[in-house]
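Chemist: kindly generate the corresponding structure for this input.
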Amino acid sequence: MDIIEILKADYQRFPVNQTYSIYAPDVYFQDPLNKFRGVERYKQMINFIKTWFINPKMDLHNIQRLGDTIKTEWTLNWNTPLPWKPRISIPGWSELGLNSDNLIISHIDYWNCSRLDVLKQHFFFK
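Modeler: A predicted model of the protein is given here:
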């Protein structure tokens with residue numbers, strides 16, 4: 001199956017049943033809060049989202065491959081397990097680097113908002 005189709009399916013069912021076999025064992029991951037290497041750490045992060053966030057949902061708006069790079073545009077939403085269960089929304093994009101075996105060797109997430117904006121969503125209602 002094509003890596004683009006696998007990623008589309010993963011986004012659709014995120015964070016459940018992700019396809020970790022498309023990642024190199026020493027994949028480099030970075031987002032505005034984390035920086036690490038290894039598919040095992042990546043699994044732990046996804047498991048954290050699955051365990052602690054309520055109704056996590058990843059909406060994929062666009063995905064395209066340009067050579068050895070895949071760019072995705074998405075919005076991540078969830079309810080935080082606070083008594084008032086605020087719905088948090090982070091729009092952003094990812095750049096995925098591929099090696100010659102078509103495995104993802106780097107996954108870098110960018111947010112279209114600041115960490116402060118995300119924090120504010122927990123306490124200020126729209």
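Chemist: neighbours around W74, how many?
Modeler: Per other C-beta atoms under 10 Å, the neighbour tally for W74 reads 19. All C-beta spots, glycine's among them, are computed from the backbone N, C-alpha and C.
Chemist: swap in D117?
Modeler: Using other C-beta under 10 Å, D117 has 13 other residues around it.
Chemist: which residue packs closest to the residue nearest the centre of the chain, ignoring adjacent ones?
Modeler: Closest to where the C-alpha atoms of the chain average out (C-alpha atoms, centre = their mean) is D109, at 6.9 Å. When the adjacent residues along the chain are set aside, D109 lies closest to D31, with 3.8 Å between them (C-beta to C-beta, 6 or more residues apart in numbering).
Chemist: quick check on that neighbour: phi, psi?
Modeler: Dihedral pair for D31: phi -140, psi -180, per degrees, to the nearest 10.
Chemist: where do the helices sit along the protein?
Modeler: 3-13, 39-52, 115-121 (DSSP state H).
Chemist: returning to that earlier point: distance of the residue nearest to D109 relative to G67?
Modeler: With distances defined as C-beta to C-beta, to the nearest Å, the gap from D31 to G67 amounts to 23 Å.
Chemist: and the residue with the largest distance to the centre of the chain, how far from H122?
Modeler: In the chain, the residue that sits farthest from the middle, by C-alpha atoms, centre = their mean, is P83; the gap is 25.2 Å. Remark: distance between P83 and H122 (C-beta to C-beta) = 11 Å.
Chemist: with V39 instead?
Modeler: According to C-beta to C-beta, V39 stands 30 Å off from H122.
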